[in-house]
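>>> Have a look at this prediction, sequence included:
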Amino acid sequence: MRIAIFTDTFHPDINGVARTLKHFTNYLDKQNISYKVFAPDSHSNEYISSNIHRFKSCSFFLYPECRLAFPNLFRIKSELEHFSPDIIHVATPFNMGLCGVYLGKKLNIPIVGSYHTDFDYYLKFYDLQFFSKILWKYMNWFHKPFKKLFVPSTETLTQLKSHGFNHLEIWPGGVDCELFHPYYDKTTIYQQWNIPKKYLLTYVGRLAPEKDVKTLLAVAKSLPADINKNVQWVLIGDGPLREELQNQAPENMTFTGYLTGEKLAEIYSASDVFVFPSPTETFGNVVIEALASGTPAITANSGGVKNIIQAGVTGYFCETGNVTEFVNAIIKLLENDSLRNQFGIEARNYALTQSWDHTFSKLLWHYSDVIKEPKVQKYA
């Protein structure tokens with residue numbers, strides 16, 4: 001099998017799409033499966049591979065980590081014809097994705113895709129709701145040629161069905177349980193990050209409106225004094241609201257910027273509770289990473305995270321933006337050590353069933369199914 005992947009974001013970009021695709025290409029390397037990735041250049045071009053073809057780009061205003069490329073269509077067409085892929089996987093609906101769709105149809109290569117980002121929900125956080133109808137028309141048109149469209153959760157599948165999408169298949173994300181685990185030394189981590197408090201509460205993600213981080217700030221300021229004096233917040237990530245949040249943050253809140261690899265895994269592992277108010281997730285990679293680390297999660301009752309958390313077993317759901325519900329859930333876990341520990345054990349056990357290898361082998365099965373379909377012959 002030979003796979004061409006078209007995406008508007010890829011490693012070393014830090015977002016769910018880029019990280020998922022990097023896990024996927026790592027898996028393909030292990031399986032000795034040939035692939036080519038067509039992607040924009042990144043903020044940092046430190047990652048170089050003969051399998052990656054990059055193009056000049058600029059940031060997309062709604063999502064700076066996702067970039068608008070200026071692809072050379074003739075060069076891509078030549079590369080594709082030379083590589084002769086069996087299938088094209090389109091991961092994003094921007095310029096690189098458009099190239100993948102156009103060339104797939106032109107060269108009669110079957111096209112599949114994956115749906116990672118709920119841009120319609122994003123519009124609400126940027127006061128751009130009036131674009132919603134236009135956005136859905138475009139998304140329907142863009143995905144119409146796909147033989148299969150992979151979505152990360154039943155929530156997203158239901159949403160897309162309601163907007164007339166077809167050929168939908170659930171393809172959930174996975175987690176690396178060898179990197180993310182509960183067994184890092186908590187005392188050492190507390191010393192490294194100068195955490196003077198008893199409890200560590202963590203958020204990981206973009207510091208941006210669509211993640212509802214202002215609710216997170218309100219929650220931190222609303223904890224009762226007797227609880228708050230024992231709490232240290234660590235916010236991992238960056239984005240357009242970082243400066244505003246830092247200016248308004250309480251003294252017990254630390255901002256680290258983006259962390260990756262073992263540094264990120266250590267913080268998850270040392271955390272007592274993971275707090276994630278974002279209502280816009282199609283899956284929730286950071287949530288399942290927290291669970292793999294044995295850390296219970298308190299999240300918004302919205303989007304794909306509803307398929308990850310088992311309420312009352314591995315964490316709690318709170319209504320989007322409801323500060324009181326988030327505060328009460330945090331108090332319930334911090335005041336009951338045995339309950340929090342039991343949630344952590346159940347969280348880890350669940351994550352162990354969600355390996356990347358399992359989800360990628362399922363994806364390749366779907367690829368094979370598509371490739372076996374008879375091709376429609378085109379005549380000049």
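Great, that's in hand.
>>> going forward, measure contacts and count neighbours with C-alpha atoms only.
Fine.
>>> helices and strands of this protein: which one has the lowest mean pLDDT?
strand 63-69 (a mean of 65; mean pLDDT, DSSP states H and E).
>>> Next SSE downstream of that one?
helix 73-83 (DSSP states H and E).
>>> mean confidence score for that next one?
What helix 73-83 shows for mean pLDDT is 94.
>>> Now it: buried residues?
76-77, 80 (16 or more other C-alpha atoms under 10 Å).
>>> Stretch 240-250 now?
Neighbour count says stretch 240-250 has 242, 245, 249 buried, by 16+ other C-alpha under 10 Å.
>>> Show me how far that stretch is from its chain's centre.
23 Å (C-alpha atoms, centre = their mean, to the nearest Å).
>>> One more: stretch 211-220?
That offset, for stretch 211-220, works out to 19 Å (C-alpha atoms, centre = their mean).
>>> hey, C-alpha coordinates of it in CSV?
C-alpha atoms of stretch 211-220 as CSV (Å, rounded to 0.1, in the frame of the first residue of the first chain):
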residue,chain,number,x,y,z
LYS,A,211,-11.0,26.6,24.5
ASP,A,212,-13.0,28.7,26.9
VAL,A,213,-10.0,29.4,29.0
LYS,A,214,-11.7,32.5,30.6
THR,A,215,-14.0,30.0,32.4
LEU,A,216,-10.8,28.3,33.6
LEU,A,217,-9.6,31.6,35.0
ALA,A,218,-12.9,32.2,36.7
VAL,A,219,-12.9,28.7,38.2
ALA,A,220,-9.4,29.3,39.7
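>>> how about it: buried residues?
211-220.
>>> swap in stretch 309-328?
In stretch 309-328, counting by 16+ other C-alpha under 10 Å, buried: 309-311, 313-318, 320-321, 323, 325-327.
>>> bridging residues for L149?
G113, L168 (DSSP bridges).
>>> thought it was touching H167?
Yes - assessed by C-alpha atoms under 8 Å, L149 is found in contact with H167 at 6.0 Å.
>>> Low-confidence bits of the stretch 251-380 of the chain, can you list those?
Scanning the stretch 251-380 of the chain for pLDDT under 70 picks out 376-380.
>>> Can you classify I3 by secondary structure?
Judged by DSSP: H, G, I helix; E, B strand; the rest coil, the three-state class of I3 is strand.
>>> ok, it to I170 distance?
For I3, the distance to I170 (C-alpha to C-alpha, to the nearest Å) stands at 20 Å.
>>> hmm, back to that, farthest-separated two in the buried residues of stretch 211-220?
The span of those, defined through C-alpha to C-alpha, is set by K211 and A220 at 15.5 Å.
>>> all strands of the stretch 151-300 of the chain, in order?
168-170, 199-204, 231-236, 253-257, 273-276, 297-300 (DSSP state E, counting those that start in this stretch).
>>> what do you get for the stretch 1-150 of the chain?
2-6, 34-40, 52-55, 57-60, 63-69, 87-90, 111-114, 148-151.
>>> mean pLDDT lowest for which of these?
When I compare the strands of the stretch 1-150 of the chain, strand 63-69 is least confident, with a mean of 65.
>>> Just give me the neighbour total for the residue nearest to L352 when sequence neighbours are not counted.
Closest residue to L352 apart from its sequence neighbours, by C-alpha to C-alpha, 6 or more residues apart in numbering: C177 at 6.4 Å. When neighbours are counted by other C-alpha atoms under 10 Å, C177 registers 20.
>>> and what of A18?
A18 has 20 nearby residues by other C-alpha under 10 Å.
>>> Quick check: the closest residue in space to it that isn't next to it in sequence vs L364, distance?
Using C-alpha to C-alpha, 6+ apart and skipping the chain neighbours, the partner closest in space to A18 is F10 (4.1 Å). Separation of F10 from L364 (C-alpha to C-alpha) stands at 20 Å.
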